[in-house]
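K.L.:
I'd like to go over a predicted model; first the sequence, then the structure.
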Amino acid sequence: MQFLPAPLVRAAAPAALAIASLAGAASAQIEPSAVMLRYPDVSADSIVFRYSGDLWIVDKQGGEARRLTATPAAESFPRFSPDGKTIAFVGNYDGAGDLYTLPISGGMPERATYHPSGKTLNDWHPDGEHLLYWSSEVAAMGRAPRIMKVGIDGSQPEALPVSYGTFGSIDATGEWLAYTPASREFRTWKRYQGGLAQDIWLFNLRTFESRQLTDYPGTDAQPMWSGSEVIFTSDRGPNGILNLWSIDTQSGAAQQLTFVTDFGVRFPAIGPEDVVFENGGQLYRLELATRSMVPVEVTIPGDRPNLRPERHELEDSVASVAPGPTGVRLAVEARGEIFSVPVEEGVTRNLTSSDGVAERDPAWSPDGQWLAFFSDRSGEYELTLRRIDGAAFDGSDERGQKTLTSLGPGFRSQSAWSPDSKWISFTANDGSLYLYSLETDELRTVAVNPSGNPLSSSWSKTSDWLAWSHKHSSSDLDAIYLYDVAAGTTYEVTSGMFDDSDPTFGPEGDYLYFSSARDFEPIYADLDTTWIYANMRQLVAVPLRADVENPFAPTDEAEPIESAKDDESADGADDDSDDGAAAEGTEDSDDDQDAADGADDDGGDENGDGDEDADDAPTSLTIEIDGFESRAMLLPIEAGQLRQPTGVEGGLLYIRGSRTGADDSPPNLMRFKLEDGADAEEETIAAGVGGYGVTADGKHLLLFAGGGFSVVEVAPGAKLDEPVDLSGMVSLTDPRAEWRQMLVDCWRLFRDYFYDEGMHGLDWSAVRERYVSSLGDVTSREDLHFLTGEMMAELNVGHAYNRQPPGGLLPSAPSEPVGLLGVDWDFDAEAGAYRIAAILGGGSYDLDARSPLAQPGVDARVGDYLLQVNGVPVDGSRAVYASLIGTAGRPTELLLSADPTVDDEDRRVIVEPLRSESSLRYRKWVADNRARVDELSGGRVGYIHVPDTGFDGQNELMRQFLGQQHKDALLIDERWNAGGQIPTRFIELLDRPVTNYWAIRHGEDWNWPPRGHRGPKAMLINGWSGSGGDAFPWYFRQSGLGKLIGMRTWGGLVGISGNPALIDGTEPSIPRFAFYETDGTWGVEGYGVAPDIEVIDDPTALAKGGDPQLEAGVTQLLEELESYSAPERRRPKGPDRSGSGIPGSDQ
């Protein structure tokens, strides 16, 4: 029996910052491809790039590179200053990505930014004194970052006038900004043409004039000024591959500059004479004068430390665990290896030691001899067997292993041994349940889950029956199934009227237990008439035969009756024996004599049973199928979040999770002893248990709790203070062999789990070969991450996220969190001091969204100067955030004053600075929009913003709806909606027409339903609205709720529901379900939801404080209100019931 623990993350060890000298000895020469040389930039004579997490510089003609930095943290986006003497870059030195500058001659980096939000460097400002970057530090939402300008001296950054933007470049005059409002550079989605496809805009920083420079349906990105031209990347060519293009800003004529046919042009940067970029296996320059593409051959001095055999300590990398049959040892899967680990004392052994091969899901046979697991040595995950002692056996190979199956493509898991160690059941990603016989080598397909999900199964103690649950043959609910192994017959034994799952046999052979959702106790909403059913799970016991006694049957006690036999027994007893009589219905002296006989038997156990129980154990189990469900009994256990029931001697175990709607208490492992009958009660075995397994002998438990594993006896009050020591699990791996396995594994997982078997029309096998052939250029885990991202991007699909491994790709430095005060700042240049320009927060009603300076008792005012932090003067030459380093979440003293000098009028206040201001900025943006809508509509139109369709968005929709439902019309703003769940309940809330009214004696009559809005509605959308944010407007339109206004949405309407991880814990997200319409056509994915009324977000209007889309929404609703007739509540005259009969009008 196995279970998966919660993800365990190993924190990176802190390391000191070090900057390399220019001189470097070379013990070997490396010529890596551009897969490793990332984020290049070019000056008049040199190229700077990132390799293996550090910055290097090389002559732009190529040659031997020299290292500029040597730090444990990562640097990225290096950019030469206009004079080529200094490099700016993003460095993760202080726990957050900040901007630094470094002379190319060497030295220590100088910090330019201090705000804790992440940053991406664009380039230097043409003045050579400032840097351009984009960040969400002053944005209302993370999806709407601002382009920022900051001095290299570390002074206070300022936002450019464009209301949102990402990658951009300023021309030589310092006046025109070429930029993209959106960034998709880090998305793994090629050939995308949805609503977030990038276009390039021009914006005049002096006059605020703006115009859209490109309008191709696909990607136009990474704009770079070259005289009056803008050079950019675009996939507008016939093969959909990113290449360099140029466009004349006056005529609009576009010209293709490069013609790569694979991988695409990545992260180009422009210098005085060249554009440098990475493409597949090479670094290139595009010479601007000749428009010719020149390869740059780079040699890295030194060896390849990332390619040496790597030692991994794996105690925090556990993927699955199986207990040995008596709980003395554990079989542990970690990083594709399987270890035998002692629970108390002994040697930890790596049983597999296989570079480049993944072994998963170990299962220890009940007889203790065998280990079953899944290995991909053959190229696919196949069931594999080995002896625990590693000895050879019939059919084993040179490694002492035998591959039992040859199923081919598919991911298998959840192997379960039969108690007699002769069969193994297991399941696959397509919902198949298999049964393998070790005696005959027979492989059976026992069942296929109609829902397509893997099937867990439970063995009877006699090894001749198997139980599982899946969708009923005619109901949408799950049912219980039994399989007679000898006959090969499957029985559906519950009717599908309730959701029945998780069957488990009791070891005595009398009961089958299962979980059933049949406790109907609604939870009603406080604010409307909606309700949910939660905590529904109950536990059921089914006697397997009609003659099995009901332990809860009423009893009828009787006085004992002395029989003649009892008299004779008494007469024949010794004189000193006790007289006595057996109670009615009990047996007497035979059992006592057996016990007495066994007491002197050295071979007997403490119960005097010797081996007789084993000899007398039934070899087969009889189950009466007829009347099975009618014999079922609800166990007298409180319903709730009950999961993982397991039959054990005398009853069953299960986990009781916290009740929905109640306190979030930890899950507890419980036992219910059926044998105690009417006196049976729940017992707590252990608290805080996330998962558990039972040893084959039924006497011990393997528990996962508190981040560790413990083996305890099956008894209440288990002590978990001494978890199993896993520190002996260590592996030494060949990185390249491991990287190949992970790349192929990622490819296989997409093949096996992707929703479309046709893989969107790609030759997926050819894709594998193409990317496997690039592995020779990979020299780090970061490089592998790049390759897996490029590979999954070929599918041209949303939600295929290339997630990083636990702990990240590169270590980060210890963090000193910068505190934020929830304000906007002005800098008084004459005084050299910072003052409060605005205190952030929502409306007066937003009690949970207040700046630390707006809390009761804090005397802070707009216009106040911040003079000291914790007694230290604020340095006006640095950004104000530099004075707040290390204050986040800690009591902090501020010295505030109405003037910039320290005097007797100053005020000292104690506050607790925030780690993030994002919630305050968001609430302020919502409140400002609501006030603007109120102003434009004369108070007739309400405003609701829905930031996502997950937990936060649901809360925002409900909290704002309640306060706005009285308005004549509603403007629903879902721009920048980050998605989440499928928002059918969102639509239900907005679509509640009046069904009737209720007359009451006093007060206003009631509308029904009581919470609903019946007037006109409209919805604002844009390209950042995606996933659930695509579904929300689609359902809004389908329901006829109103017009969609704005710009086409993202187009990401496929879903993710979990999939296996790679051996290092990385879990690529694989789309497993996709939206299609009732007419049998695909929809939304890759395109988005188009508006009924298109309104472009005009940067000029936005920079001047307008919001064209919001204004268009109000205009539309006011027009609709002119012709809208609201439902009129007309209460009839009181009914006359003085006689018989009801008037026809009232019938």
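P.N.:
Arrived safely, thanks for sending.

K.L.:
Which helix or strand contains residue 479?
P.N.:
strand 478-484 (DSSP states H and E).

K.L.:
Ok, residue 741 next?
P.N.:
Element membership of residue 741, judged by DSSP H and E, is helix 735-753.

K.L.:
Next: residue 113.
P.N.:
Residue 113 belongs to no helix or strand, assigned by DSSP H and E.

K.L.:
what residues are up against it?
P.N.:
When contacts are counted by Cβ atoms under 8 Å, 6 or more residues apart in numbering, residue 113 is found next to 98, 99, 119, 133, 150, 154, 157, 879. Placement of C-beta: from N, CA and C, glycine included.

K.L.:
just checking, the fifth one touches residue 130?
P.N.:
Yes: with contact defined as Cβ atoms under 8 Å, residue 150 and residue 130 form a contacting pair (6.4 Å).

K.L.:
Would you mind identifying the helix or strand in this structure with the lowest mean pLDDT?
P.N.:
Every helix and strand of the chain was ranked by mean pLDDT, DSSP states H and E. The lowest is helix 589-599, at a mean of 38.

K.L.:
Show me where the stretch 701-850 of the chain has its helices.
P.N.:
Along the stretch 701-850 of the chain, the segments classed as helices by DSSP state H, counting those that start in this stretch run 735-753, 764-772, 781-793.

K.L.:
Quick check: which of these is nearest to residue 622?
P.N.:
Taking Cβ to Cβ, helix 735-753 is the member of these nearest to residue 622, at 39.6 Å.

K.L.:
name the helices or strands packed onto the closest one?
P.N.:
Secondary-structure packing of helix 735-753 (3 or more Cβ pairs under 8 Å, 6 or more residues apart in numbering; DSSP states H and E): helix 764-772, helix 781-793.

K.L.:
Any idea which of the ones you listed gets closest to residue 248?
P.N.:
helix 781-793 (30.7 Å).

K.L.:
mean confidence score for the closest one?
P.N.:
Computed over helix 781-793, the mean pLDDT rounds to 93.

K.L.:
Now do that helix: distance to the chain's middle.
P.N.:
19 Å (Cα atoms, centre = their mean, to the nearest Å).

K.L.:
what's in contact with that helix?
P.N.:
By Cβ under 8 Å, 6+ apart, the list of residues contacting helix 781-793 reads 35-36, 38, 52-53, 187-190, 263, 306, 735, 739, 742-743, 746-747, 750, 767, 771, 774-775, 777-778, 800, 802, 804-805, 809-810, 1064, 1068.

K.L.:
can you give me the helices in the chain?
P.N.:
564-571, 589-599, 612-616, 735-753, 764-772, 781-793, 918-937, 951-964, 984-990, 1028-1038, 1099-1103, 1108-1123 (DSSP state H).

K.L.:
mind giving me the domain ranges of this protein?
P.N.:
29-302, 310-455+720-733, 456-551+620-695, 735-793, 823-914, 920-1053+1088-1123 (automatic domain parsing).

K.L.:
which residues does residue 939 contact?
P.N.:
By Cβ under 8 Å, 6+ apart, residue 939 lies in contact with residue 967.

K.L.:
Tell me the spacing between it and residue 1098.
P.N.:
27 Å (Cβ to Cβ, to the nearest Å).

K.L.:
ditto for residue 384
P.N.:
Counting by Cβ to Cβ - residue 384 and residue 1098 are separated by 63 Å.

K.L.:
the more surrounded of these two?
P.N.:
Relative neighbour count places residue 384 above the other of residue 384 and residue 1098, with 24 against 18, counting by other Cβ atoms under 10 Å.

K.L.:
Excluding covalently adjacent residues, which one is nearest to the more buried one?
P.N.:
residue 375 (4.3 Å; Cβ to Cβ, 6 or more residues apart in numbering).

K.L.:
which residues does that neighbour bridge with?
P.N.:
Note on residue 375: beta-bridge partners by DSSP bridges are residue 359, residue 382.

K.L.:
Run a quick check on residue 116 versus residue 918, I expect a contact.
P.N.:
No: between residue 116 and residue 918 there is no contact under Cβ under 8 Å: 10.7 Å.

K.L.:
quick one on the thing from earlier: got TSV for the contacts of residue 113, with pLDDT and distance to residue 991 too?
P.N.:
As requested, the contacts of residue 113 are arranged in TSV below (pLDDT from 0 to 100; distance: Cβ to Cβ, whole Å):
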residue	pLDDT	distance to residue 991
98	95	48
99	97	48
119	96	42
133	98	44
150	98	48
154	96	53
157	97	45
879	97	49
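
K.L.:
ok, of these, which one's closest to residue 1144?
P.N.:
Closest to residue 1144, out of all of these and judged by Cβ to Cβ, is residue 119, at 74.3 Å.

K.L.:
how much space between that closest one and residue 272?
P.N.:
Going from residue 119 to residue 272 by Cβ to Cβ gives 26 Å.

K.L.:
neighbour count winner among these two?
P.N.:
Between residue 119 and residue 272, counting by other Cβ under 10 Å, residue 119 is the more crowded of the two (24 against 13).

K.L.:
In stretch 121-135, which residues are buried?
P.N.:
121, 122, 123, 124, 125, 126, 130, 131, 132, 133, 134, 135 (16 or more other Cβ atoms under 10 Å).

K.L.:
Can you list which of these are found in strands?
P.N.:
Among those, the members falling in strands (DSSP state E) are 121, 122, 123, 124, 130, 131, 132, 133, 134, 135.

K.L.:
tell me, how many neighbours does residue 294 end up with?
P.N.:
Around residue 294 there are 15 residues (other Cβ under 10 Å).

K.L.:
likewise residue 851?
P.N.:
Neighbours of residue 851 (other Cβ under 10 Å): 22.

K.L.:
For the nearest residue to it once chain neighbours are set aside, grab phi and psi.
P.N.:
Counting by Cβ to Cβ, 6+ apart, residue 851 lies nearest to residue 822, which is 2.9 Å off, once chain neighbours are set aside. Main-chain torsions, residue 822, degrees, to the nearest 10: phi 70, psi 40.
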